[in-house]
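Engineer: below are the sequence and a predicted model; questions follow.
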Amino acid sequence: MSRNLNNVMRLINEVNKTTDIADQFLNDLKYSIEKQANKEQYKPSQTFKPSSFNCLRNAYFQLIGAELDNDTTTYNIQGICDSGTDAHIRIQKALQQMKENGIDLEYVDVEEFIKNRNLTDLEIKDKKEIETKLYNKKYNMSFMTDGIIKYKSKYFIFEFKTETADKFYKRTGVDEKHYNQAIMYAINFHLDKVIFLYQNRNTMDLKAYLFEVTEEMKQDILNKIGIVNQAVTDKIPPKKDENLLKNQCNYCSYKTICKRSE
């Protein structure tokens, strides 16, 4: 009986050792991913960003090069970002393949579009495969669009988003927090129609919506850009918008300096 007990204890110890190694491996892997992500963090350029232009104070702090909160990237957040990047690449490649599959859609080269339309305010800052980083020297605006498509003989700005299943199932149209991004792209490309494609991260299901930009929307954005530029000149942050989108401040990198400036 004692010998059997000793054998059981020995087996348990061996299992524990194996589990300890596996746990150590997992922890070391996550640590390495987080460390690498935080090493690669960079300070945003002092330009307007369409993807984050929902708060004038945030735009102001970006333009003056304000100090960022010392937030560290976690394994989970980095994983979500990487997953989103991978999904973007897959969708963009799928768009490119539609024409060869007999569908009247052309994935337009952004650089060629800019040259053909003589959009002299836009500069190509970087180009890697199907991604083109742009800078608008007139508005001091930098961005990287998901692309332009020519579908059924009409041009559209294309924007792709991934989201949780809960958000996806409730979605019935373009997310309000994406309006300004679409409008700023429209200003840059002189195109007024934006197709948003949303993907459920859990199931890969898709929903698509057309967002049409009006001249009134454009003027509103240009007025806000003017307000921020004047604030930079005056060295006084714009007033805090009490109608900010839900939870927007929670993910802001300027929470500390914004609170000090109220």
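Structural biologist: Noted; the coordinates are in hand. Numbers count the residues shown, from 1 in each chain.
Engineer: and the next helix or strand past the helix or strand hosting residue 88?
Structural biologist: Element membership for residue 88 (DSSP states H and E) is helix 75-98. Note on helix 75-98: by DSSP H and E, the next helix or strand toward the C-terminus is strand 105-108.
Engineer: the next helix or strand after that following strand packs against which elements?
Structural biologist: With elements assigned by DSSP H and E, the helix or strand that comes after strand 105-108 is helix 110-116. In terms of contacts (3 or more Cβ pairs under 8 Å, 6 or more residues apart in numbering; DSSP states H and E), helix 110-116 is packed against strand 122-128, strand 131-136. Every C-beta, even on glycine, is put in place using the N, C-alpha and C of the backbone.
Engineer: still on that earlier bit, just checking, what packs against the helix holding residue 88?
Structural biologist: Other helices and strands packing on helix 75-98, by 3+ Cβ pairs under 8 Å, 6+ apart, are helix 2-39, strand 105-108, strand 154-163, strand 193-200.
Engineer: and the longest one, average pLDDT?
Structural biologist: Averaging pLDDT along helix 2-39 yields 73.
Engineer: got it, and the shortest one?
Structural biologist: Over the span of strand 105-108, the pLDDT mean works out to 95.
Engineer: so that it lines up with my notes, have the first residue be 54 from now on.
Structural biologist: Got it, the first residue is 54 from now on, which makes the last one we talked about strand 158-161.
Engineer: pull out the buried positions in the helix holding residue 141.
Structural biologist: Going by neighbour count (16 or more other Cβ atoms under 10 Å), the buried part of helix 128-151 is 131, 137, 140-141, 144-145, 148.
Engineer: grab the nearest non-local neighbour of the most centrally placed residue in the chain.
Structural biologist: Against the mean C-alpha coordinate of the chain, by Cα atoms, centre = their mean, the closest residue is residue 104 at 6.4 Å. Ranked by Cβ to Cβ, 6 or more residues apart in numbering and with sequence neighbours excluded, the top spatial neighbour of residue 104 is residue 234, at 5.3 Å.
Engineer: low-confidence ranges in the stretch 104-253 of the chain?
Structural biologist: In the predicted model, the stretch 104-253 of the chain carries pLDDT under 70 at residues 124-125, 182-183.
Engineer: what's the burial count for residue 94?
Structural biologist: Using other Cβ atoms under 10 Å, residue 94 has 10 other residues around it.
Engineer: can you put the helices and strands packed on helix 163-169 in a markdown table and add distance to residue 153?
Structural biologist: Shown next, in a markdown table, are the helices and strands packed on helix 163-169 (distance: least, Cβ to Cβ, whole Å):
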| stretch | distance to residue 153 |
| --- | --- |
| strand 175-181 | 23 |
| strand 184-189 | 21 |
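Engineer: most packed of these?
Structural biologist: Sort the helices and strands packed on helix 163-169 by mean neighbour count, taking mean count of other Cβ atoms under 10 Å, and strand 184-189 sits at the top with a mean of 19.
Engineer: packing partners of it?
Structural biologist: Counting contacts by 3+ Cβ pairs under 8 Å, 6+ apart, strand 184-189 packs against helix 163-169, strand 175-181, strand 194-197.
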